[in-house]
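Colleague: no sequence for this one, just the structure:
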């Protein structure tokens, strides 16, 4: 009888033991998923400064006869500022930008028609209003740009006897490509190349000699870098 009682108690303990052990296990602890850092957004407006180099080619021809006078390569520096706004859709970025740069590029060549006169050229300022379109890899943006452009030029035909001069602000167009990187949510840096075409324009040179009309054809290449201070549009 005693053996039967002990055997019955043992079976009861074996049956109840796993259930008691399960009740004694600590309850699972649930934690919140980690908060993901927000993805950088290019949406917003910005203002900044830039500096770089300018290389231009100017071809002169006598307006009345078409005779070639000179072809001059100019080079120099430029510095200025830009302002614009971007809007990001998924990984695509669209924007508009205005630039203005003071320039100090000059060059001269011997005049083939009025020898021994020297044809002198100087680019004093360069401006543009462009649309931009680009693709963003988070904080890096590759983009292309294009739009209208303006340039301010000074000219002279000089000789030991004196000089005739002219100046103008002409319109044209520009295309460019560049890359921009966001160092912080509000500070970005960029490098870009821009091509400018200003076509052929006639200028009347006046001064010591009789007025003469000269056709000037102009193209420019610019490489520059700069920084932008971004405001608004953070996610």
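Modeller: Great, that's in hand. This one's a predicted model, so the numbers in the text were calculated from it and none came from an experiment.
Colleague: show me where pLDDT drops low in the chain?
Modeller: Low-confidence segments of the chain, defined by pLDDT under 70, span residues 1-38, 233-235.
Colleague: Now do the strands in it.
Modeller: Shown for the chain, the strands assigned by DSSP state E span residues 44-62, 68-89, 92-110, 118-137, 140-159, 162-182, 187-207, 212-231.
Colleague: got the contact list for residue 119?
Modeller: 60, 69, 70, 72, 108, 109, 110, 111, 155, 156, 157 (Cβ atoms under 8 Å, 6 or more residues apart in numbering). Every residue, glycine included, has its C-beta placed from N, CA and C.
Colleague: With residue 121 instead?
Modeller: By Cβ under 8 Å, 6+ apart, the residues touching residue 121 are 56, 58, 72, 74, 106, 107, 108, 153, 154, 155.
Colleague: got it, and residue 176?
Modeller: So, once contact is read as Cβ under 8 Å, 6+ apart, residue 176 ends up touching 130, 144, 145, 146, 192, 193, 194, 195.
Colleague: Name the residues that touch stretch 94-103?
Modeller: Looking at what lies outside stretch 94-103 - Cβ under 8 Å, 6+ apart - the contacts are 50, 54, 76-88, 123-134, 145, 224.
Colleague: Among the residues you listed, name the buried ones.
Modeller: 50, 54, 78, 80, 82, 84-86, 88, 123-128, 130, 132, 134, 145, 224 (16 or more other Cβ atoms under 10 Å).
Colleague: excluding its backbone neighbours, what's nearest residue 178?
Modeller: Nearest residue to residue 178, sequence neighbours excluded (Cβ to Cβ, 6 or more residues apart in numbering): residue 192, at 2.8 Å.
Colleague: Would you mind confirming that that neighbour makes contact with residue 175?
Modeller: No - with contacts counted by Cβ atoms under 8 Å, residue 192 stays clear of residue 175, the gap being 10.9 Å.
Colleague: out of these two, which sits in the busier spot?
Modeller: Taking neighbours as other Cβ atoms under 10 Å, residue 192 and residue 175 compare with residue 192 leading, 19 against 15.
Colleague: beta partners for residue 207?
Modeller: According to DSSP bridges, the residues that bridge with residue 207 are residue 164.
Colleague: show me what contacts residue 166?
Modeller: Listed by Cβ under 8 Å, 6+ apart, the contact set of residue 166 reads 154, 155, 156, 203, 204, 205, 206, 214.
Colleague: Compare those and tell me which is most surrounded.
Modeller: Greatest neighbour count in those, by other Cβ under 10 Å, goes to residue 214: 24 neighbours.
Colleague: From residue 129, how far out is it?
Modeller: According to Cβ to Cβ, to the nearest Å, residue 214 and residue 129 sit 29 Å apart.
Colleague: tell me the contacts of residue 187?
Modeller: 227, 228, 229, 230.
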